[in-house]
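# sequence plus the predicted model coming up.
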Amino acid sequence: MSQVIVQVENLNLSYKDLHAVQNVSFYVKPGEILAIIGQNGSGKTSTVECVEGLRKPDCGLIQVFKKNPWLHRREVYKEMGIQLQEVEYPSKIKVEEQCRLFASFYKRPANWNLLLTQLGLNEKRKHPIHKLSGGEKQRLSILLSLIGRPKLLVLDELTTGLDPEVRQNMWISFENIKKSGVAIIMVSHYLDEVEALADKILYLEKGKQQFFGTQQEFRKYVKGIVPQDEWEENVSLEKLYLMIAPKTTGLTMEGIL
Amino acid sequence: MKQFMVICNIEFRLFTREFFGFFFTLVFPILMLLLFGGIYGDEPIYHGADAKIMDISVPAYSVMIIGVTGLMSLPLTLSNCIEKKIYKRFDATPAGKKSIICAQVFVNLIMTFIGISILIITGKILYHIQIKGTFLFISIGLLFSTAAMFSIGFLFTAVGRDLKSTNLLCYLCYFIMLFLSGATIPDMLFTNTIKKISNLLPMTHAVDLMQGVFAGENLLQHGTELFILGASTIICTAAGAILYRKKDWT
């Protein structure tokens, strides 16, 4: 465990009466991608916000670069890049101003001009952020998470709002970032993305940890809990997940008409 | 320091892009000056007085500028950033939200002083206004008035549950103070009842203080104003700071 960048043990977090995160434990090593999966409201964002030091857990141990992120936020952020699930920027700020602003926060910022080009935002650099499309805002959000040359990236819904081609490019980019030794924690609802990128999976359900391990181990875990007649070999991660995810009824015509 | 300058530079640009703040800090006071200057010209305050109406109008409009930045521009910027969770994003960087808030306060202060400087220069050039007070006393007057208005605005952002309620508080307070403090309408025109209400408003004391120090009066003659403005600053800042701790920044 000497090389662990993030270590979480028995993390608990409540919002008034709601026990949002219960006894969650995991770790992430350099050059590893951990994907956190689960339904809406399963505690994914709450968990990563505790790792990011944005929320104070009720109890449990969290260490990021061997520091408590809640107590040593500023130090931790020097090496941690964050993409929040929902983000707004000051109204009327332009793309390049936001980049320049974020670059000023770090001693050795990345070349954001190059990142703007690579993320297809160069033509939008003089545009106010509020006039960007959802996908463009998402790309900007990714850019800002990379601007401090982080050793740990926490990405909450990395590719939400991106078109398929850009999503594929992002996967390649983050695969390369991972190879350079950066640890990545990603929250995602796209199981194809998780299958393509993640080394490990943390599966949460109603705030409780159901599984933590490699993709291979996740298959064994699912095989162990689904009835024999429902089990299928060699299926995608998405199908695997659907075998165990809590079922929802969806809309019925009866309900609509 | 370099980081702070970059933040201030961008905040300054954002300030100039907001019509309300820009117009009411830099343009509106000049329009008022030109309007009333056109009406009163070189008229003295009363028959035989040395001081002209424009001599007391400039310090009053200065307080109006402080009111715009302190009671409107800054609190609405802060409240907007809290509600839209803009600070949350900044809080997830090595700079933190405090650097951004400090820069926003700083830029509003600078814009206040720029607005007042333009006003004084215009008054000097067009209406030859007389400023008899010392630089030190005027600066102290400005400091107390600015601190009081900014701290009231700060308290509003802490009290307001959201941008809408902060907006309402700021607009109500600003316009009530603007018309009843003597910042726009000279208090000599007020009835006794309105004068009593006017005396309850911190902006009234800021106007009295600024008019006094501009006219060359000693600060000791304005102990009451200094006390009220100082006390407003301390109370509003302390109450605001306590309430801010309870705010949900996430």
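Yep, that arrived.

# so which bits of chain B are right by chain A?
Proximity of chain B to chain A is assessed by C-beta under 8 Å from any C-beta of the partner chain, with B:2-3, B:6-7, B:10, B:13-14, B:17-18, B:80-81, B:84-86, B:88-89, B:91-96, B:250 identified as the residues in range. Bear in mind the C-beta positions are built from the backbone N, C-alpha and C, glycine included.

# redo that, cut-off 10 Å
B:2-7, B:9-11, B:13-18, B:77, B:80-81, B:83-86, B:88-96, B:99-100, B:103-104, B:249-250 (C-beta under 10 Å from any C-beta of the partner chain).

# now the most centrally placed residue in chain A, nearest residue through space, not along the chain?
By C-alpha atoms, centre = their mean, chain A has its centre lying nearest to residue A:186, at 2.3 Å. Once flanking residues are discounted, residue A:186 sits nearest to residue A:155: 4.5 Å by C-beta to C-beta, 6 or more residues apart in numbering or on different chains.

# neighbours of that neighbour, how many?
Neighbourhood size, residue A:155 [other C-beta atoms under 10 Å in any protein chain shown]: 24.

# partners of it in the sheet?
residue A:83, residue A:186 (DSSP bridges).

# quick one: it and residue A:131, what's the gap?
Remark: distance between residue A:155 and residue A:131 (C-beta to C-beta, to the nearest Å) = 24 Å.

# buried residues, stretch A:147-164. List them.
Buried residues in stretch A:147-164, counting neighbours by 16 or more other C-beta atoms under 10 Å in any protein chain shown, are found at A:147-160, A:162.

# pLDDT weak spots in the stretch 1-150 of chain A?
For the stretch 1-150 of chain A, the stretches with pLDDT under 70 are A:1-2.

# in it, which spans are helices?
Remark: helices assigned in the stretch 1-150 of chain A by DSSP state H, counting those that start in this stretch are A:44-51, A:73-77, A:95-103, A:112-118, A:134-146.

# from those, which stretch is densest packed?
For the helices of the stretch 1-150 of chain A, ranked by mean neighbour count under the definition mean count of other C-beta atoms under 10 Å in any protein chain shown, the leader is helix A:44-51 at a mean of 25.

# in the stretch 101-250 of chain A, which residue sits nearest chain B?
Each residue of the stretch 101-250 of chain A has a distance to chain B, by C-beta to the nearest C-beta, and the smallest belongs to residue A:104, at 3.8 Å.

# and the residue lying closest to that residue once chain neighbours are set aside, how many neighbours?
On the basis of C-beta to C-beta, 6+ apart, the spatially nearest residue to residue A:104 that is not a chain neighbour turns out to be residue B:6, at 3.8 Å. The local packing of residue B:6 (other C-beta under 10 Å) involves 19 other residues.

# same check, this time on residue B:201
20.

# wait, it touches residue B:173, no?
Yes. The pair residue B:201 and residue B:173 qualifies as a contact (C-beta atoms under 10 Å) at a distance of 8.9 Å.

# who's in contact with the residue nearest the centre of chain B?
The central residue of chain B, meaning the one whose C-alpha is nearest the mean C-alpha position (C-alpha atoms, centre = their mean), is residue B:66 at 1.5 Å. Residues near residue B:66 by C-beta atoms under 10 Å, 6 or more residues apart in numbering or on different chains: B:25, B:108-109, B:112-113, B:115-116, B:142, B:145-150, B:183, B:203, B:206-207, B:210.

# narrow the residues you listed to those in helices?
Of the contacts of residue B:66, the ones assigned to helices by DSSP state H are B:108-109, B:112-113, B:115-116, B:142, B:145-150, B:203, B:206-207, B:210.

# for chain B, list the residue farthest from the centre, please.
For chain B, the C-alpha lying farthest from the average C-alpha position belongs to residue B:48; by C-alpha atoms, centre = their mean, that distance is 32.3 Å.

# which of the three states applies to that one?
When classified by DSSP: H, G, I helix; E, B strand; the rest coil, residue B:48 comes out as coil.

# distance check, it against chain A.
The spacing between residue B:48 and chain A, counted by C-beta to the nearest C-beta, to the nearest Å, is 52 Å.

# up against chain B, what does the stretch 101-250 of chain A have?
Of all the residues in the stretch 101-250 of chain A, those lying near chain B are A:101-107, A:128, A:141, A:144-145, A:147-148, A:154, going by C-beta under 10 Å from any C-beta.

# from those, which single one is nearest residue B:126?
Of all these, the one with the least separation from residue B:126 (C-beta to C-beta) is residue A:128, at 36.9 Å.

# wait, what's in contact with that closest one?
Counting by C-beta under 10 Å, 6+ apart, residue A:128 makes contact with A:89, A:90, A:91, A:92, A:93, A:94, A:95, A:97, A:98, B:17.

# repeat that with 8 Å
A:91, A:92, A:93, A:94, A:95 (C-beta atoms under 8 Å, 6 or more residues apart in numbering or on different chains).

# which of these sits closest to chain B?
Proximity of the contacts of residue A:128 to chain B (C-beta to the nearest C-beta) peaks at residue A:92, which lies at 4.5 Å.

# surely the closest one and residue A:127 touch.
No. Contact between residue A:92 and residue A:127 fails when scored by C-beta atoms under 8 Å: they sit 10.8 Å apart.

# ok now the least confident helix or strand in chain B by mean pLDDT, how far from the chain's centre?
Taking mean pLDDT, DSSP states H and E as the measure, the helices and strands of chain B show their lowest mean at helix B:19-22, namely a mean of 86. Centre-to-centre, helix B:19-22 and its host chain are 14 Å apart (C-alpha atoms, centre = their mean, to the nearest Å).

# stretch B:97-110 too?
That offset, for stretch B:97-110, works out to 15 Å (C-alpha atoms, centre = their mean).

# mind pulling up the pLDDT for residue B:250?
pLDDT recorded at residue B:250 is 65.

# hey, where'd the strands end up in chain A?
All strands of chain A, identified by DSSP state E, fall at A:6-15, A:18-28, A:33-37, A:59-64, A:80-83, A:152-156, A:183-187, A:200-205, A:208-214.

# could you pull up the mean pLDDT of stretch A:159-174?
Averaging the model's pLDDT scores along stretch A:159-174 yields 82.

# stretch B:51-61 now?
Mean predicted lDDT for stretch B:51-61 stands at 89.

# and stretch B:172-190, by the same measure?
85.

# now do the end-to-end distance for it.
The distance separating the two terminal residues of stretch B:172-190, taken as C-alpha to C-alpha, to the nearest Å, comes to 20 Å.

# ok, now stretch B:214-225?
Across its full length, stretch B:214-225 reaches 14 Å between end residues, using C-alpha to C-alpha.

# contacts for that stretch next, please.
With contact meaning C-beta under 8 Å, 6+ apart, stretch B:214-225 is reached by B:51, B:55-56, B:58-59, B:131-134, B:137-138, B:140-141, B:144, B:205-206, B:208-209, B:212-213, B:226.

# now do the buried residues in that stretch.
Counting neighbours by 16+ other C-beta under 10 Å, the buried set in stretch B:214-225 is B:214, B:215, B:217, B:219, B:222, B:225.

# need the residues you listed in CSV (columns: pLDDT and secondary structure).
Written out in CSV, the entries for the buried residues of stretch B:214-225 read as follows (pLDDT from 0 to 100; DSSP: H, G, I helix; E, B strand; the rest coil):
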residue, pLDDT, secondary structure
B:214, 94, helix
B:215, 92, coil
B:217, 92, coil
B:219, 90, helix
B:222, 92, helix
B:225, 94, helix
